[in-house]
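[1] okay, predicted coordinates and the sequence, questions at the end:
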Amino acid sequence: MIDPNRLILLGEIGTAHGIRGEVSIRTFTESPADIAAYGPLSDKSGQRTFKIEALRVASKAVIVRLQGVDDRTAAARLRNTGLYVKRSQLPELEPGAYYHEDLAGLAAVDPEGARVGTVLSVVNYGAGDLVEISRAGERETLLVPFTKEAVPQVDLQMGHVTVVLPAFAEEDADAGDPGDMSGED
């Protein structure tokens, strides 16, 4: 189930910009300017809030003036601060659509319903979205392409995603099976 109070990361404050307290923000919203569309932002603890007074889009970030941040020193102290909103502040989506953050914590199951692991996150290293899955007893996570072929079903109500693992991932999982000590194929 979706927790409406769960904090969702929308951006991260980077460096101070200029001498009047502006900061650069790396945004994780579809459109960079949308960081200002959901109301006041907070830090990860939810204790400190930030209101955007002015925003302009630059090539690699947005440049923002935050209410109460009036000089470069105050802006520099905010570096690496994550900017969050409550899940309930985000717009409702069409049926069948979801935010990537909604997938974190869901069970990952194979097409037969056997548990593969738990979804940690959806990541993108430049070649497309990947679903990161942790497996019990394994240090390394699985990265599965977030495509219709590899992730044919997302069921938020049932609390799971169905994943079709590539053959090499299934072989790795079988190789790590402590029940097979013979070493034979």
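    On my side now, so go ahead.
[2] what ranges does this structure have for its helices?
    72-77, 167-175 (DSSP state H).
[3] and these, which one averages the lowest pLDDT?
    Least confidently modelled of those is helix 167-175, at a mean of 56 by mean pLDDT.
[4] so this protein: which segments form each domain?
    7-88, 100-175 (automatic domain parsing).
[5] relative to Glu94, which of those domains is closest?
    domain 100-175 (13.0 Å; Cβ to Cβ). In short, each C-beta sits where N, CA and C put it, glycine included.
[6] now do the closest one: distance to the chain's middle.
    14 Å (Cα atoms, centre = their mean, to the nearest Å).
[7] how much space is there between the spatially most central residue of the chain and Lys44?
    Geometric centre of the chain, nearest residue: Glu101, 5.0 Å, by Cα atoms, centre = their mean. From Glu101 across to Lys44, the span is 14 Å (Cβ to Cβ, to the nearest Å).
[8] surely Ile19 meets Asp71?
    Yes. Taking Cβ atoms under 8 Å as the definition, Ile19 is a contact partner of Asp71 at 6.9 Å.
[9] what segments of the protein are strands?
    7-17, 22-27, 41-42, 49-50, 52-57, 62-66, 82-86, 107-109, 115-124, 129-134, 142-145, 153-155, 160-162 (DSSP state E).
[10] make CSV from these and add mean pLDDT, distance to Glu94 and mean neighbour count to it.
    Below are the strands of the chain laid out as CSV (pLDDT from 0 to 100; distance: least, Cβ to Cβ, whole Å; neighbours: other Cβ atoms under 10 Å):
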stretch, mean pLDDT, distance to Glu94, mean neighbour count
strand 7-17, 93, 18, 19
strand 22-27, 95, 23, 21
strand 41-42, 96, 25, 22
strand 49-50, 96, 30, 18
strand 52-57, 96, 27, 14
strand 62-66, 97, 27, 21
strand 82-86, 94, 20, 20
strand 107-109, 97, 24, 20
strand 115-124, 92, 18, 17
strand 129-134, 94, 19, 20
strand 142-145, 94, 23, 18
strand 153-155, 93, 13, 14
strand 160-162, 96, 18, 21
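[11] and these as CSV, adding distance to Asp34?
    CSV is the format used below for the strands of the chain (distance: least, Cβ to Cβ, whole Å):
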stretch, distance to Asp34
strand 7-17, 8
strand 22-27, 7
strand 41-42, 12
strand 49-50, 15
strand 52-57, 10
strand 62-66, 10
strand 82-86, 11
strand 107-109, 29
strand 115-124, 17
strand 129-134, 18
strand 142-145, 26
strand 153-155, 23
strand 160-162, 26
